[in-house]
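Student: coordinates for the following, if possible.
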Amino acid sequence: VLISGTYNQLKPLIKSRENGLMSRFACYVVKQTQDFDDRVWLDAEEDTIPQEIALYEQLGHELSLRYAWMRNAKHKCYFYLTDAQLKTIKRMFRSEYDTYSAEFGDLFDASLKRTPAIMKRIGMILAGLRMDITHPLPERVVCSEKDFETMLLIGHKLLLHAAMMFQM
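Tutor: You can find the predicted model right below:
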């Protein structure tokens with residue numbers, strides 16, 4: 001679920017830091033600029049809009065085929081990290097946990113503990129998007145280094161933004 005809004009729009013949804021709902025969201029805080037954005041007045045070239053629509057229709061069709069391929073498999077597919085990747089994750093979260101616990105105490109604990117699960121799901125999605133659907137669905141998928149680096153970067157940024165939301 002992607003939810004976009006201002007702080008005042010999100011405040012009724014996330015009424016407090018203590019109720020645990022905030023830790024279930026991957027937050028991204030965007031700082032507003034003071035400058036007027038005049039790009040809204042620029043006209044798009046007429047031929048680019050149909051091209052963009054066609055691209056999104058093609059991507060939607062490809063995702064639909066990929067979903068059907070996975071759904072129709074006769075077995076489950078499991079996602080794994082290598083031992084080295086697991087050690088890196090543990091080291092990263094030990095450091096993040098110590099930093100944020102010192103700053104926020106136990107109230108930020110749920111966000112810290114749920115971020116690795118969000119990261120794993122991101123890794124699973126990335127791995128799934130890279131699979132060749134002309135071959136049978138594998139029973140075991142090991143996270144590639146490229147996807148792992150992406151997971152780490154996103155996970156670190158999600159924690160930074162969760163901390164910003166927490167402070168709000």
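
Student: in terms of helix, strand or coil, where does the most centrally placed residue in the chain fall?
Tutor: Centroid-nearest residue in the chain: residue 122, 5.4 Å away (criterion: C-alpha atoms, centre = their mean). Classification of residue 122 using DSSP: H, G, I helix; E, B strand; the rest coil returns helix.

Student: from residue 143, how far out is it?
Tutor: The spacing between residue 122 and residue 143, counted by C-beta to C-beta, to the nearest Å, is 10 Å. Using the backbone N, CA and C atoms, a C-beta is placed for each residue, glycine as well.

Student: need the overlap of contacts for these two.
Tutor: Common contact partners of residue 122 and residue 143 (C-beta atoms under 8 Å, 6 or more residues apart in numbering): residue 151.

Student: hang on, residue 147 packs against residue 128?
Tutor: No: in this structure, residue 147 is not within contact of residue 128 by C-beta atoms under 8 Å, at 10.1 Å.

Student: who's more crowded, the two?
Tutor: Using other C-beta atoms under 10 Å, the more surrounded residue of residue 147 and residue 128 is residue 147, with 22 against 18.

Student: next up, the contacts around the more buried one.
Tutor: 123, 126-127, 130.

Student: which among the residues you listed end up buried?
Tutor: 123, 126-127 (16 or more other C-beta atoms under 10 Å).

Student: possible to save these as TSV with pLDDT and distance to residue 167?
Tutor: Putting the buried ones among the contacts of residue 147 into TSV (pLDDT from 0 to 100; distance: C-beta to C-beta, whole Å) gives the following:
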residue	pLDDT	distance to residue 167
123	94	28
126	94	30
127	95	34
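
Student: what residues are up against residue 119?
Tutor: 89, 151-152, 154-155, 158.

Student: could you rerun that using 10 Å?
Tutor: 26, 81, 89, 92-93, 148, 150-156, 158-159 (C-beta atoms under 10 Å, 6 or more residues apart in numbering).
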